[in-house]
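# Return atomic coordinates for the entry below.
(2 chains)
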Amino acid sequence: MEKETDAQLSSQQLGAQTAVLRIGGEVDLYNTPQLKEQILALIESGVRRLVVDLAETQYLDSTALGALIGGLKRLRERGGELRLAGPRPRIRKLLEITRLLKVFEVRDSVPQALEDWDAQGGKG
Amino acid sequence: MTTATASSRIELKIPSRPEFISVARLAVAAVAHRMGFHYDDIEDLKVATGEALTNAIRHAQTAGRENDDHIVIICAMEPGALVIEVRDTGSGFDPELRRQALEQEELQEGGLGLLLIESLMDKVDFKTRPGKGTLVRMVKRLSGF
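Below is the predicted model:
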């Protein structure tokens, strides 16, 4: 299942509870509402393990980071998890400054982010 | 965009709405590129400008004036430094709240933006009064100066 939005967001569901959300281009105050909606829709549909793929993300502002934090909190409340995958050095720098590297589990790639979930039956 | 003085000062006035943030970011990046800033420093300037504008738009929204307010962005090309001023006419904020936002262990969105501005710029000054709007003055020095 692949969905496209104006904010260059696309999600791919890998099973009942696992999904990858790709963020392309730039996300700021203008299109953060789309990011929030997409994360909420995935959680509403039953996703509990969400990988946010940042490999093609050029720019994230504080409101987009806030949306990711909101998604992480909602998932944890439901016994789930949100991981970040493949941030470019610029994005990693922002995560470091905002102390979010301590909040999110950050992996180098989507397959690495999915690795131990697969082992736990995360594809179900 | 208008050139206020021949070579050193560029002024941009945008509606206080989210869809114009990227326009201002690109303008600041173009000025910084022209001055010879390196890629990383240009990216820092784009982030800090974007965060200052996000705060300004939020202030206008708080004041219920997001539909008719404007934000003024001034880029002053000084010897060895780019000075960016972002001025809004929104609700202003209590400086004590800014200090508290930065000291919170778990940062909220507003705190994240302020932290990014403070971390990425060489010097930052806020002038704000509740009800009178906010001026953010940010300085980024060219490496070697």
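# Longest helix of chain A, counting residues only.
helix A:62-77 (DSSP state H).
# after it, next one along is what?
Downstream of helix A:62-77, the next assigned helix or strand under DSSP states H and E is strand A:81-85.
# close to chain B, is that following strand?
No - Strand A:81-85 lies out of reach of chain B by C-beta under 8 Å from any C-beta of the partner chain, never closer than 15.1 Å. Placement of C-beta: from N, CA and C, glycine included.
# And stretch A:23-30, by the same measure?
Yes - contact of stretch A:23-30 with chain B (C-beta under 8 Å from any C-beta) involves A:26, A:28, A:29, A:30.
# where does chain A dip in pLDDT?
Scanning chain A for pLDDT under 70 picks out the ranges A:1-7, A:118-124.
# ok, now with 90
A:1-7, A:15-16, A:116-124 (pLDDT under 90).
# Using the three-state scheme, assign the residue minimising distance to the centre of it.
Centroid-nearest residue in chain A: residue A:52, 2.3 Å away (criterion: C-alpha atoms, centre = their mean). With DSSP: H, G, I helix; E, B strand; the rest coil as the basis, the three-state label of residue A:52 is strand.
# Same question for residue B:138.
Applying three-state DSSP: residue B:138 is strand.
# Which secondary structure state does the nearest residue to residue A:59 once chain neighbours are set aside sit in?
Once flanking residues are discounted, residue A:59 sits nearest to residue A:26: 3.8 Å by C-beta to C-beta, 6 or more residues apart in numbering or on different chains. Secondary structure, three-state DSSP: residue A:26 is strand.
# how about the longest helix of chain A as PDB, C-alpha atoms only?
Provided in PDB are the C-alpha atoms of helix A:62-77 (Å, rounded to 0.1, in the frame of the first residue of the first chain):
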ATOM      1  CA  SER A  62      11.000  22.100  15.200                       C
ATOM      2  CA  THR A  63       7.300  21.600  14.400                       C
ATOM      3  CA  ALA A  64       8.100  18.500  12.400                       C
ATOM      4  CA  LEU A  65      10.300  17.200  15.200                       C
ATOM      5  CA  GLY A  66       7.400  17.900  17.500                       C
ATOM      6  CA  ALA A  67       5.100  15.800  15.300                       C
ATOM      7  CA  LEU A  68       7.600  12.900  15.500                       C
ATOM      8  CA  ILE A  69       7.800  13.200  19.300                       C
ATOM      9  CA  GLY A  70       4.000  13.200  19.400                       C
ATOM     10  CA  GLY A  71       3.900  10.000  17.300                       C
ATOM     11  CA  LEU A  72       6.500   8.300  19.600                       C
ATOM     12  CA  LYS A  73       4.500   9.200  22.700                       C
ATOM     13  CA  ARG A  74       1.300   7.900  21.200                       C
ATOM     14  CA  LEU A  75       2.900   4.700  20.100                       C
ATOM     15  CA  ARG A  76       4.600   4.100  23.500                       C
ATOM     16  CA  GLU A  77       1.200   4.600  25.200                       C
END
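# same for that helix, what does it pack against?
Contact analysis of helix A:62-77 by 3 or more C-beta pairs under 8 Å, 6 or more residues apart in numbering or on different chains; DSSP states H and E lists helix A:32-44, strand A:49-53, strand A:81-85, helix B:39-62, helix B:109-120 as its packing neighbours.
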